[in-house]
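[1] starting from these lines, generate the structure:
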Amino acid sequence: MKDLQSTRAMWLKAWLFLGIGVISAALLIVERPEWRGTLLLASCVWGFCRAYYFAFYVIERWVDPRFKFSGLGHFLAWWWRNRR
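    This is a model prediction of the structure:
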């Protein structure tokens, strides 16, 4: 996959991801307006965000600091090709 070079395209992508998340969460909360469900949704989102950040931190620090991966799929493809 080609690297995204355009600053405008990066901002657009970030805003689209944020919009998807906000709209999805709002629809889930409107569908089931219970505090427990909202708390579980927030915990789920927070947990997955932290796991994704941690995965990139571990990959960058300990797997291959020279190589920049565009996503976890890109890393898995690299790992599959380079496994021993």
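[2] which ones are touching residue 79?
    Residues in contact with residue 79 (C-beta atoms under 8 Å, 6 or more residues apart in numbering) are residue 63. Heads up, the C-betas are built off the backbone N, CA and C, glycines and all.
[3] which SSE is it in?
    Using DSSP states H and E, residue 79 sits in helix 72-82.
[4] only the buried residues of that helix, if you could.
    For helix 72-82, a neighbour-count test (16 or more other C-beta atoms under 10 Å) marks residue 75 as buried.
[5] starting at the chain centroid, how far to it?
    17 Å (C-alpha atoms, centre = their mean, to the nearest Å).
[6] alpha carbons of that helix, as PDB, please.
    Provided in PDB are the C-alpha atoms of helix 72-82 (Å, rounded to 0.1, in the frame of the first residue of the first chain):
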ATOM      1  CA  LEU A  72      -1.000  -4.400  11.800                       C
ATOM      2  CA  GLY A  73      -1.900  -6.300   8.600                       C
ATOM      3  CA  HIS A  74       1.300  -4.900   7.000                       C
ATOM      4  CA  PHE A  75       3.300  -6.100  10.000                       C
ATOM      5  CA  LEU A  76       1.700  -9.600   9.900                       C
ATOM      6  CA  ALA A  77       2.500  -9.900   6.200                       C
ATOM      7  CA  TRP A  78       6.100  -8.800   6.900                       C
ATOM      8  CA  TRP A  79       6.400 -11.300   9.800                       C
ATOM      9  CA  TRP A  80       4.900 -14.100   7.700                       C
ATOM     10  CA  ARG A  81       7.500 -13.500   5.000                       C
ATOM     11  CA  ASN A  82      10.500 -13.200   7.500                       C
END
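[7] so in the protein, where's the weakest helix or strand by average pLDDT?
    Lowest on mean pLDDT, DSSP states H and E among the helices and strands of the chain sits helix 72-82, with a mean of 82.
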